[in-house]
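> sharing a sequence plus its predicted fold:
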Amino acid sequence: MFFRKRKRVLLIGLDCASPELLFDKYIHKLPNLRYMMENGTVGKLRSSTPPITIPAWMVMHSGKTPGQLGLYGFRHRDPGDYQNYWIVTSDKIKAKRVWDYLGEKGKKSIVVGIPPTYPVFPINGNLVSGFITPDANKEFTYPSDLKKEIQKLVGDYPFDIIFRTEERDKFLDALYDMTDKHFKVIEYLMQNKKWDFFTFIEIGLDRLHHTFWKYFDKRHHLYEPGNKYENVALEYYQHLDKKVGRLLDIVPQNTTVIAVSDHGAKRMKGCFCINEWLMQEGLLKLKNYPEKRKRFEELKVDWENTKVWGWGGYYARIFINKKGREPQGKVEDREYEALRDKLIQKFKNIKGPNKEDWNTIVHKPEEIYDDPQGEYPDLMVYFDDLSYRSAGSIGNHRLFLEENDTGPDGAVHDWNGAFIMYDKAESSNPACGQVGLEVRSRDTMSYELGAMSQYNILDVAPTILDKFNLKLDGYYKGKIIR
């Protein structure tokens with residue numbers, strides 16, 4: 001059933017959709033997304049800092065920066081603890097989100113897969129939690145009875161799949177199964193529940209990029225010519241395009257459709273072993289060096305003689321063993337700023353494995369966030385502008401790794417995601433869908449990435465609320481995209 005008189009917004013979240021692939025390489029083979037681009041607003045979308053799924057989707061839906069949210073990645077330090085950490089869950093989010101503001105005005109929302117929405121919580125509408133949900137035995141819907149409807153519709157509902165794996169054929173089967181079930185649930189909710197705002201993400205693109213980037217990108221250092229996975233990315237983008245086309249067919253005429261990604265992706269050039277480097281610099285001391293690779297949390301650190309340690313991930317989180325803040329702090333207050341400045345210069349001077357220059361970016365959190373909250377690091381380091389991951393493990397016996405130290409991985413995140421906004425009511429041919437449009441040649445359809453409009457992830461929340469004539473002056477840092 002549809003209620004056609006109300007203005008609606010549908011946000012299609014394609015986690016990790018790459019402008020390089022979506023706007024440049026594949027667009028001539030994606031008729032539905034291309035149709036939205038030709039008949040709407042399109043541009044690159046600068047991600048959050050850091051450009052990671054958590055916090056990026058919550059930044060997008062709250063209009064708050066990671067510093068305001070106190071979210072700097074999937075995991076965060078336990079206060080006053082060196083090696084224990086906690087994983088972000090919904091109860092850590094204190095900011096209001098788009099659906100909260102709309103709910104206060106009587107508008108109904110459907111939220112599917114947005115991280116972090118587990119544990120689930122009440123909203124004015126329906127909610128299905130995302131990929132940090134442990135398993136389907138947990139309560140993953142609001143209201144709780146919605147879980148029975150979903151399981152009746154698709155059976156076991158998958159939140160995520162194993163993606164750092166050598167079993168690539170098995171991965172592809174799981175990827176398509178997960179995606180098809182997600183979209184089946186999305187269509188069901190769209191057609192059978194009341195809504196003014198519908199938002200969801202599909203995590204599949206992110207998982208595909210990490211698993212297969214080195215198989216389709218000829219510039220990748222681990223690319224194998226003639227491998228059987230050359231076309232997996234295009235085929236999956238086309239699969240998603242058909243799903244998007246189906247949604248364009250069934251949404252009411254008075255719907256603004258926004259297709260967006262939280263960050264981009266690019267080839268991973270390797271890993272830089274941050275803690276091995278800190279040991280070489282005499283800033284990190286161990287009681288004994290491990291015989292084989294170990295995660296930092298498993299190591300016996302000589303904290304009384306350690307000044308600095310780091311975390312791995314898409315960027316390095318650098319922590320200083322500050323006296324009065326840490327249990328066995330060593331760095332005095334008077335030394336702190338000088339040490340940070342010295343580290344910044346050293347990080348920027350690091351060269352690659354072939355002595356090539358790097359474009360390494362280093363931030364002091366308080367210089368990029370207004371009043372940062374939570375357990376933020378002392379420094380945030382993006383090695384070679386995200387091209388190299390930070391490897392936190394020790395026992396590698398070297399500074400550079402060709403692959404991720406946590407499992408097979410061919411991609412890293414990039415700063416720019418994608419933004420497409422299309423108003424179905426203003427379109428002369430609003431129902432494109434799976435019947436498709438004429439697929440034109442690449443020569444008649446191209447987008448120069450360098451010349452595209454540049455938007456910001458902070459712009460999305462005020463843009464959505466503007467569609468409902470709801471403005472919160474002074475609350476948002478972002479601007480309304482017209």
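Done, it's in. Note that the structure is predicted; figures quoted are calculated from it, not measured.
> got a list of what Trp86 touches?
Trp86 sits next to 75-76, 78 when contact means CB atoms under 8 Å, 6 or more residues apart in numbering. All C-beta atoms are positioned from the backbone trio N, CA, C, and that covers glycine.
> quick one: which of these is nearest to Gly245?
Among the contacts of Trp86, Arg75 lies closest to Gly245 (CB to CB), at 37.2 Å.
> quickly list what that closest one is bridged to.
Ile87 (DSSP bridges).
> kindly report the same for Ala259.
Beta-bridge partners, per DSSP bridges, of Ala259: Ile12, Ile420.
> can I assume it is in contact with Lys243?
No: contact criterion CB atoms under 8 Å: Ala259 and Lys243 do not qualify, at 11.0 Å.
> more crowded one of those two?
Set Ala259 next to Lys243 and count neighbours by other CB atoms under 10 Å: Ala259 wins out with 26 against 22.
> now render the contacts of Trp86 as JSON lines, adding distance to Gly130.
Below are the contacts of Trp86 laid out as JSON lines (distance: CB to CB, whole Å):
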{"residue": "Arg75", "distance to Gly130": "16"}
{"residue": "His76", "distance to Gly130": "18"}
{"residue": "Asp78", "distance to Gly130": "24"}
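> please produce a ChimeraX select command covering the buried subset of the residues you listed.
Buried members of those, defined by 16 or more other CB atoms under 10 Å, are picked up in ChimeraX with:
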select :76
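> among the contacts of Trp86, which one has the lowest pLDDT?
Lowest pLDDT among the contacts of Trp86: Asp78, with 90.
> from Leu379, how far out is that residue?
20 Å (CB to CB, to the nearest Å).
> same question for Lys307.
Using CB to CB, Lys307 is found at 13 Å from Leu379.
> which one of the two is surrounded by more residues?
Taking other CB under 10 Å, Lys307 and Leu379 do not tie; Leu379 has more neighbours (22 against 19).
> for that one, what are its contacts?
Going by CB under 8 Å, 6+ apart, Leu379 touches 316-318, 340, 343-344, 347, 362-365.
> ok, now Val460?
11, 45, 60-61, 63, 258, 260, 419, 478, 481.
> low-scoring stretches of the protein, by residue?
Within the chain, the ranges that satisfy pLDDT under 70 run 1-5, 427-447, 473-474.
> which residue would you name as the spatial centre of it?
Thr53 (2.3 Å; CA atoms, centre = their mean).
> does it touch Ser261 like I think?
No: judged on CB under 8 Å, Thr53 makes no contact with Ser261 at a distance of 10.2 Å.
> and Val185, how many neighbours?
20.
> could you do the one 4 residues further on as well?
When neighbours are defined as other CB under 10 Å, Leu189 has 22 of them.
> surely it and Ile110 touch.
Yes: using CB under 8 Å, Leu189 is in contact with Ile110, at 5.2 Å.
> helices along the stretch 201-350 of the chain, start to end?
Along the stretch 201-350 of the chain, counting by DSSP state H, counting those that start in this stretch, helices occupy 204-216, 232-250, 274-280, 333-349.
> tell me the most buried of the ones you listed?
helix 204-216 (a mean of 24; mean count of other CB atoms under 10 Å).
> and that helix, C-alpha only, in PDB?
Output in PDB follows, covering the C-alpha atoms of helix 204-216 (Å, rounded to 0.1, in the frame of the first residue of the first chain):
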ATOM      1  CA  GLY A 204      28.100  -5.700  -0.400                       C
ATOM      2  CA  LEU A 205      30.200  -3.300  -2.400                       C
ATOM      3  CA  ASP A 206      32.600  -2.700   0.400                       C
ATOM      4  CA  ARG A 207      33.100  -6.400   0.900                       C
ATOM      5  CA  LEU A 208      33.500  -7.000  -2.900                       C
ATOM      6  CA  HIS A 209      36.100  -4.200  -3.200                       C
ATOM      7  CA  HIS A 210      38.200  -5.600  -0.400                       C
ATOM      8  CA  THR A 211      38.100  -9.100  -1.700                       C
ATOM      9  CA  PHE A 212      38.500  -8.500  -5.400                       C
ATOM     10  CA  TRP A 213      40.200  -5.100  -6.100                       C
ATOM     11  CA  LYS A 214      43.500  -6.700  -6.900                       C
ATOM     12  CA  TYR A 215      41.800  -8.900  -9.500                       C
ATOM     13  CA  PHE A 216      40.300  -6.200 -11.700                       C
END
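> so which elements touch that helix?
With contacts taken as 3 or more CB pairs under 8 Å, 6 or more residues apart in numbering; DSSP states H and E, helix 204-216 sits against helix 168-192, helix 232-250, strand 264-267, strand 411-414.
> buried ones in stretch 460-467?
Within stretch 460-467, the residues that count as buried by 16+ other CB under 10 Å are 460-467.
> what's the distance between it and the middle of its chain?
20 Å (CA atoms, centre = their mean, to the nearest Å).
> same thing with stretch 370-385?
Using CA atoms, centre = their mean, the offset of stretch 370-385 from its chain centre is 17 Å.
> in CSV, list the helices and strands packed on helix 204-216 along with distance to Asp100.
CSV is the format used below for those (distance: least, CB to CB, whole Å):
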stretch, distance to Asp100
helix 168-192, 19
helix 232-250, 24
strand 264-267, 28
strand 411-414, 27
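> and the gap between Trp277 and Gly352?
Distance from Trp277 to Gly352, by CB to CB: 13 Å.
> do Trp303 as well
Applying CB to CB, the value for Trp303 to Gly352 is 31 Å.
> which residue packs closest to Lys243, ignoring adjacent ones?
Phe183 (4.7 Å; CB to CB, 6 or more residues apart in numbering).
> again with Asp160
Among residues not flanking Asp160 along the chain, Phe131 sits closest, at 3.9 Å (CB to CB, 6+ apart).
> which residues sit in contact with the one you found?
Neighbours of Phe131 in contact, by CB under 8 Å, 6+ apart: 113, 115, 159-160, 203.
> how about these in TSV, adding secondary structure, neighbour count and distance to Lys471?
Converted to TSV, the contacts of Phe131 look like this (DSSP: H, G, I helix; E, B strand; the rest coil; neighbours: other CB atoms under 10 Å; distance: CB to CB, whole Å):
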residue	secondary structure	neighbour count	distance to Lys471
Gly113	coil	24	28
Pro115	coil	26	27
Phe159	coil	21	35
Asp160	coil	16	36
Ile203	coil	25	32
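> for Glu304, give its distance to Ile318.
According to CB to CB, Glu304 stands 19 Å off from Ile318.
> ok, now Pro408?
27 Å.
> those two - which one has more neighbours?
The neighbour comparison of Pro408 against Ile318 (other CB under 10 Å) goes to Ile318, with 23 against 16.
> now do the same contact list for Lys471.
Listed by CB under 8 Å, 6+ apart, the contact partners of Lys471 are 462, 465.
> just the one 10 residues further on next, same as before
By CB under 8 Å, 6+ apart, Ile481 lies in contact with 41, 419, 421, 455, 459-460, 463.
> what do you get for Lys467?
By CB under 8 Å, 6+ apart, the residues touching Lys467 are 7, 9, 256.
> just the ones of these in strands?
Counting by DSSP state E, these place 9, 256 in strands.
> about what we covered before: JSON lines for the contacts of Val460, including distance to His221?
Output for the contacts of Val460, formatted as JSON lines (distance: CB to CB, whole Å):
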{"residue": "Leu11", "distance to His221": "36"}
{"residue": "Leu45", "distance to His221": "28"}
{"residue": "Met60", "distance to His221": "32"}
{"residue": "His61", "distance to His221": "36"}
{"residue": "Gly63", "distance to His221": "39"}
{"residue": "Ile258", "distance to His221": "36"}
{"residue": "Val260", "distance to His221": "30"}
{"residue": "Phe419", "distance to His221": "31"}
{"residue": "Gly478", "distance to His221": "37"}
{"residue": "Ile481", "distance to His221": "37"}
